[in-house]
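In: predicted model follows, preceded by the sequence.
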Amino acid sequence: GAGVSQSPRYKVAKRGQDVALRCDPISGHVSLFWYQQALGQGPEFLTYFQNEAQLDKSGLPSDRFFAERPEGSVSTLKIQRTQQEDSAVYLCASSIKGGKLFFGSGTQLSVL
Amino acid sequence: GIQVEQSPPDLILQEGANSTLRCNFSDSVNNLQWFHQNPWGQLINLFYIPSGTKQNGRLSATTVATERYSLLYISSSQTTDSGVYFCAVQWSGTASKLTFGTGTRLQVTL
């Protein structure tokens, strides 16, 4: 596609619900990143894929967070048993390996 | 991990003024990028600049990797330049993740 596409744009969840956030990267980009951005802060790294391989998941805050990219294209970030502290904007980005990073518009998650 | 500090944290300019934003980092990097986050939250990649100087219209950037800093110059600022500017670095000791700086919030007024 022309850019990185994320859905949904907004998600409201009740505490304890599971959510799934989708990212469709730029076609041909092998590298895919997930970042979390709290209000007024810079993006914080969550996890990195090269094709379908998850090479770095050091930024995932707990085992409630899980990401996958089974066919090396679309990726899903899943959060189980959401908590209020999970409220943030979740950003997906893609690049050719080691190149310029292009971001999607993000998913704003609000946990009530 | 690597520390990335940006200055100034906040900046208010009148339209037409010039400015320089600075990014200092604490360790060797092999990748540095500048981003503009507009008021709607979209992050736009301005420069991929691990070293040297690049220019794109009214914007230019210089990275001096050996001295661990990068500068972003904005000339003849416009109201559409408002937002937050981030630098992000890839530390030489990591695979490819970018670590973002603290950001500079810029407001351009008429």
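Out: Arrived safely. All values derive from a computational prediction rather than experimental measurement.

In: all strands of the chain, in order?
Out: Chain wasn't specified; assuming chain A. In chain order, chain A shows strands spanning A:5-7, A:10-13, A:19-24, A:31-37, A:44-50, A:53-56, A:65-68, A:75-79, A:88-95, A:102-103, A:107-111, with DSSP state E as the criterion.

In: actually, chain B is the one I wanted.
Out: B:4-7, B:10-14, B:19-25, B:29-37, B:43-48, B:52-56, B:59-64, B:69-74, B:83-91, B:99-100, B:104-109.

In: okay, now the unreliable bits of chain B?
Out: B:93-95 (pLDDT under 70).

In: what's the spacing between A:Gln84 and A:Leu109?
Out: 11 Å (Cβ to Cβ, to the nearest Å). Every C-beta, even on glycine, is put in place using the N, C-alpha and C of the backbone.

In: which one is B:His52 nearest to, not counting chain neighbours?
Out: For the record, residue B:52 is Gly, not His. B:Thr63 (6.6 Å; Cβ to Cβ, 6 or more residues apart in numbering or on different chains).

In: okay but the one you found is in contact with B:Trp34, surely?
Out: No. Proximity of B:Thr63 to B:Trp34 does not meet the contact threshold set by Cβ atoms under 8 Å, at 9.3 Å.

In: can you tell me the centre-most residue of chain A?
Out: With distances taken as Cα atoms, centre = their mean, the residue of chain A nearest its centroid is A:Trp34 (3.6 Å).

In: what's the nearest residue to that one if we skip its chain neighbours?
Out: Of all residues not flanking A:Trp34 in the chain, A:Leu46 sits nearest, at 4.2 Å (Cβ to Cβ, 6+ apart).

In: which residues are in contact with the nearest residue to A:Tyr35 once chain neighbours are set aside?
Out: In space, A:Tyr35 comes closest to A:Pro43 once its chain neighbours are excluded; the distance is 3.9 Å by Cβ to Cβ, 6+ apart. By Cβ atoms under 8 Å, 6 or more residues apart in numbering or on different chains, the residues touching A:Pro43 are A:35-37, A:91, B:43, B:86, B:88, B:100.

In: shared neighbours, B:Thr63 and B:Trp34?
Out: Shared contacts of B:Thr63 and B:Trp34 (Cβ under 8 Å, 6+ apart): B:49, B:70.

In: returning to that earlier point: confidence score at the residue nearest to A:Trp34?
Out: Per-residue pLDDT puts A:Leu46 at 97.

In: same check, this time on A:Gly98
Out: For A:Gly98, the pLDDT comes out at 76.

In: can you check the one 5 residues further on too?
Out: On the pLDDT scale, A:Phe103 is placed at 97.

In: then A:Lys57?
Out: On the pLDDT scale, A:Lys57 gets 93.

In: got a list of what the spatially closest residue to it that is not a sequence neighbour touches?
Out: Nearest non-adjacent residue to A:Lys57, counting by Cβ to Cβ, 6+ apart: A:Thr47, 4.5 Å away. By Cβ under 8 Å, 6+ apart, the contact list for A:Thr47 reads A:33-34, A:54, A:56-60, A:67, A:77.
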